[in-house]
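**Student:** structure, please.
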Amino acid sequence: MSAIWLNRILILLAWGGIFVAGFLTLAHYMNFVVPCKIGAGGCAKLAEDPRSFWFNIPVAVYGLGGYLGFVVLAALRTWGAVDQMRRVIQAGLLMAGIGTLVSLYLQYVALVQIGARCDWCIASAAIMLLSLVFMGLLSQRDLDSLPNDRINPMVFVGSAILAIGGLGVMVKNQVDGGGGPKVVDVRLDFLAPKAAYFLGPEDAPVTIVEFADFYCPSCRIRSPELIKYQRAHPKTVRIAYRSFPLFEKEGHELSLAASMVAEYAAEKGKYWEFVEGLYSVDKDEVGTFDRVLEVAQLVGLNKDEARQRIAAKDEKLLDPIYEARKRGEQSGVSETPSFIIFVRGMENPLLAQGDNLARTLAMPQVADAIGPATP
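**Tutor:** Prediction:
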């Protein structure tokens, strides 16, 4: 492969790295959860792990700095003189070598120590490794043709536009939740028929019904945040929690059993104690059913009775869960966490999915009904 084509590939890789590391960096500072399809939520798990921070700075920020360095080197190779090229490529080789070692180490930490797989982190590691390979090949080529190539500047500018434009679109989609909340036609008592499901005053002007899975990484971030939000607005916000277990998915095998324990807790008047208790424990610490039952015991439940009823597949515990999933789906819920917000004075409630809750609560009519937080 010629030096020209190797350089074009390296330009694309540099801007590809900016896109990936830039998105992870913005996700942290703009407080939205990164979509993670292959990793089944591993991105959110890694994002909240202390090992994903160096000196209280997310490792994505360091990656972004490295890729910005690659972009600068790509610009020097595109517009620089031939006598500079060798030094520029040597600098790129050194950076790519260090970056590859760091990326491999981070993959080891993620996969082995934390036990999570992040699509974006894997993509960054692949970009770094490919940059090292192609930089090594470029170092062995005749570089006289590079300054005379008229296409390289177009590749540089075009890939920059694609990377920055794509980054803007991705961030907007995550912040907006794919286009904002949707108006749905559903009654509150249809979604949450038991008083035990609610936290907050019955006459609150705003009621938020959350559909969540105890083993969903995004839910483990958003559900505790929602509870804190309700306690900051104790007179104007009422919340309800409905189990929407995704037990068919890898990593969610215990979600149905945990939801059954929650229904058992509702019978005993300990629903919210159990919900908060389970979310307050790290996901890895409730990786077995025995550990879930230990949480139940800590909030005052009889774990032996709960075990027996769940082992017997007690319909009084199962039916409300299947009913919640069915009614949630009928109301437009297609992912966890999802929130249906009822506001006094609004004819129909709003459905906000994923990370779109904060944007919905900031809407003037909703924010006015909620009012300021209690000091």
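
**Student:** for the spatially closest residue to residue 266 that is not a sequence neighbour, helix, strand, or coil?
**Tutor:** Nearest residue to residue 266 in three dimensions, chain neighbours excluded: residue 196, at 4.0 Å (Cβ to Cβ, 6 or more residues apart in numbering). Just so you know, the C-beta spots here come from the backbone N, C-alpha and C atoms, and that holds for glycine as well. Here residue 196 is helix, with the state taken from DSSP: H, G, I helix; E, B strand; the rest coil.

**Student:** please name the residues that touch residue 196.
**Tutor:** Applying Cβ atoms under 8 Å, 6 or more residues apart in numbering, we find residue 196 in contact with 266-267, 269, 271.

**Student:** could you list the low-pLDDT ranges of the protein?
**Tutor:** Along the chain, the parts satisfying pLDDT under 70 run over 31-42, 44, 48, 174-180, 355.

**Student:** weed out the non-buried ones from the contacts of residue 196.
**Tutor:** 266, 271 (16 or more other Cβ atoms under 10 Å).

**Student:** can you get me a residue count around residue 332?
**Tutor:** 15 (other Cβ atoms under 10 Å).

**Student:** thinking it is in contact with residue 184, fair?
**Tutor:** Yes - the pair residue 332 and residue 184 qualifies as a contact (Cβ atoms under 8 Å) at a distance of 5.3 Å.

**Student:** shared neighbours, those two?
**Tutor:** Between them, residue 332 and residue 184 share the contacting residues residue 351, judged by Cβ under 8 Å, 6+ apart.

**Student:** ramachandran angles for residue 242?
**Tutor:** phi -120, psi 130 (degrees, to the nearest 10).

**Student:** now name the helix or strand holding the closest residue to it other than its chain neighbours.
**Tutor:** Leaving aside its sequence neighbours, residue 242 sits nearest to residue 324 (Cβ to Cβ, 6+ apart; 4.4 Å). Following DSSP states H and E, one finds residue 324 within helix 315-330.

**Student:** could you check how far that helix is from the centre of its chain?
**Tutor:** Helix 315-330 sits 26 Å away from the centroid of its parent chain (Cα atoms, centre = their mean, to the nearest Å).

**Student:** with just CA atoms, put it into PDB.
**Tutor:** In PDB, the C-alpha atoms belonging to helix 315-330 read as follows (Å, rounded to 0.1, in the frame of the first residue of the first chain):
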ATOM      1  CA  GLU A 315     -49.000 -16.300  41.000                       C
ATOM      2  CA  LYS A 316     -49.800 -13.500  43.400                       C
ATOM      3  CA  LEU A 317     -46.200 -12.400  42.900                       C
ATOM      4  CA  LEU A 318     -45.800 -13.200  39.200                       C
ATOM      5  CA  ASP A 319     -49.000 -11.800  37.800                       C
ATOM      6  CA  PRO A 320     -48.500  -8.200  38.800                       C
ATOM      7  CA  ILE A 321     -45.100  -8.300  37.100                       C
ATOM      8  CA  TYR A 322     -46.300  -9.700  33.800                       C
ATOM      9  CA  GLU A 323     -49.200  -7.300  34.000                       C
ATOM     10  CA  ALA A 324     -46.800  -4.300  34.500                       C
ATOM     11  CA  ARG A 325     -44.800  -5.300  31.400                       C
ATOM     12  CA  LYS A 326     -47.900  -5.800  29.300                       C
ATOM     13  CA  ARG A 327     -49.500  -2.500  30.400                       C
ATOM     14  CA  GLY A 328     -46.200  -0.700  30.000                       C
ATOM     15  CA  GLU A 329     -45.700  -2.000  26.500                       C
ATOM     16  CA  GLN A 330     -49.300  -1.000  25.700                       C
END
